[in-house]
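Visitor: Mind looking at a prediction? Sequence and model below.
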Amino acid sequence: MPVRTLTLDGFRSYEHLEIAFGDGPQVIVGRNAAGKTNLLEAMVVLSTGRSHRSSTDPEMVRWGADFARSSALVESAGRREELEVVVHARATGAGARKRVRVNGVNRRAAALRPMLRTVLFAPEDMLLIVGSPSLRRNLLDALVAQREPTAAAVMSTYQRTLTQRNSLLRRIREEEADRAELSYWTGAILEQGARILDWRHEALAAIAQPLAAAHREIAPEETELRLRYSSNAERGPGESNEDALRRRLRETADKEVWNGATLVGPHRDDFLFVSGERELTEFASRGQQRTAILALKLAEMDVLTALDGRPPLLLLDDVFSELDPERRAHLVRRIGDLPQAIVTTTTPDDLDPALVEASTLWRVKPGSVTLAGTGS
């Protein structure tokens, strides 16, 4: 899914930018805070409709600008599609802060994902194994959303439902509302939560074999790597995810009122990296952790490619400096098989020489991007 052109207006550090990418690796070189990550962020926005760096859309708007516009011409399934996302610094007359268009037609954000699938590998991913469960949930849900067209909308609805239910639980605790009012919101949590759980388990099942294969390729001497879902609504014999969630909501009903919060559901779940029967957090060195995370990213690529034979766009945000030469070589081999990959770095010295040789080089300075030549 190559990006042929990227145009930015009022996006982060860019007042205006137009850049045309070719095939193969595109290496973007610049010092820290020059704007390299902003380019990758724009591509994530054009893929998902939202930023991976900001919790609120207006943060993407350049200081002093009224809106941030990102658009791209993308090759998808033999066609060229024009994608556009516009975020306003403040609500417009109609109240909307974000507009998504595909080929000039207003669409929902979910329409972007089949046009431009992405896999992002960023330095913060190095914390996936030992970091907060929210990092792992977000990664899994991003994979789910790229596999299932309706998932993003269901997840968004689930979060709104969760907010409403938690507010009601606090009011019940303070004796400002009747407990009978919970029935509607509990039913909604159950319906949406069970769908999310089903999708998550399906995604983990789909990634299991590619993950084991990628890890075996990188570290053939280590025990097979797998992912294990960790839930506070574990399924009992013969139970579905919906059955288990319903049972646990019933079991924790009194405790939820006491805490004023929903204590079970997808928002509290996690997945764990397991080698043999042990969690990696119990014994893995930093090198072993990085091997597992690299294998996971390569497996993501394989899972998304398997959907329709089109490899996703790989976005590598200054991660080569985090990897030793052997792991870099594995990543370089995979990049060489892709129609296009976007790589950022502070210096080409951090990259494998073979990657530099095969790449188109771009130089980033605050507010501008210029062609620096080809590696060859």
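Guide: Sure thing, it's come through. Numbers count the residues shown, from 1 in each chain.
Visitor: Would you enumerate the residues in contact with the residue nearest to Asp125 when sequence neighbours are not counted?
Guide: The spatial neighbour of Asp125 that comes closest, neighbours along the chain excluded (C-beta to C-beta, 6 or more residues apart in numbering), is Ile293 at 5.8 Å. No exception for glycine: its C-beta is placed from N, CA and C like everyone else's. Ile293 sits next to Asp125, Met126, Leu128, Ile129 when contact means C-beta atoms under 8 Å, 6 or more residues apart in numbering.
Visitor: Ile19 now?
Guide: With the criterion set at C-beta under 8 Å, 6+ apart, Ile19 makes contact with Thr5, Leu6, Thr7, Leu39, Trp362, Val369.
Visitor: ok, 6 Å please
Guide: Applying C-beta atoms under 6 Å, 6 or more residues apart in numbering to Ile19 gives the contacts Leu6, Val369.
Visitor: Which element, helix or strand, includes it?
Guide: Element membership for Ile19, per DSSP states H and E: strand 14-20.
Visitor: do the same with Arg334
Guide: Going by DSSP H and E, Arg334 is in helix 325-336.
Visitor: The helix or strand just after the strand holding Ile19: partners in the sheet, and parallel or antiparallel?
Guide: Counting by DSSP H and E, the next helix or strand C-terminal to strand 14-20 is strand 24-29. Partners of strand 24-29 in the sheet, by DSSP bridges, are strand 340-345 (parallel), strand 360-365 (parallel).
Visitor: Next, the angle from the first one to helix 325-336.
Guide: Pointing back at strand 340-345 there. Put simply, strand 340-345 runs at 140 degrees to helix 325-336, going by axes from the mean of the first three to the mean of the last three C-alpha atoms, to 10 degrees.
Visitor: Export the strands paired with strand 24-29 as CSV, with columns for distance to Ala180 and mean neighbour count.
Guide: Putting these into CSV (distance: least, C-beta to C-beta, whole Å; neighbours: other C-beta atoms under 10 Å) gives the following:
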stretch, distance to Ala180, mean neighbour count
strand 340-345, 54, 25
strand 360-365, 59, 18
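Visitor: would you turn those strands into TSV with mean pLDDT and distance to Glu84?
Guide: Putting the strands paired with strand 24-29 into TSV (pLDDT from 0 to 100; distance: least, C-beta to C-beta, whole Å) gives the following:
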stretch	mean pLDDT	distance to Glu84
strand 340-345	94	19
strand 360-365	94	22
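Visitor: out of those, which comes closest to Leu263?
Guide: Minimum separation from Leu263 across those (C-beta to C-beta) falls at strand 340-345, 40.4 Å.
Visitor: Look up the pLDDT of Ser376 for me, please.
Guide: Ser376 is assigned a predicted lDDT (pLDDT) of 52.
Visitor: go on, Ala180?
Guide: For Ala180, pLDDT reads 93.
Visitor: and it, what are its phi and psi?
Guide: phi -60, psi -20 (degrees, to the nearest 10).
Visitor: What strand or helix carries Val45?
Guide: Here Val45 is assigned to helix 36-48, by DSSP H and E.
Visitor: How about that helix, which residues are buried there?
Guide: For helix 36-48, the neighbour count (16 or more other C-beta atoms under 10 Å) marks 36-48 as buried.
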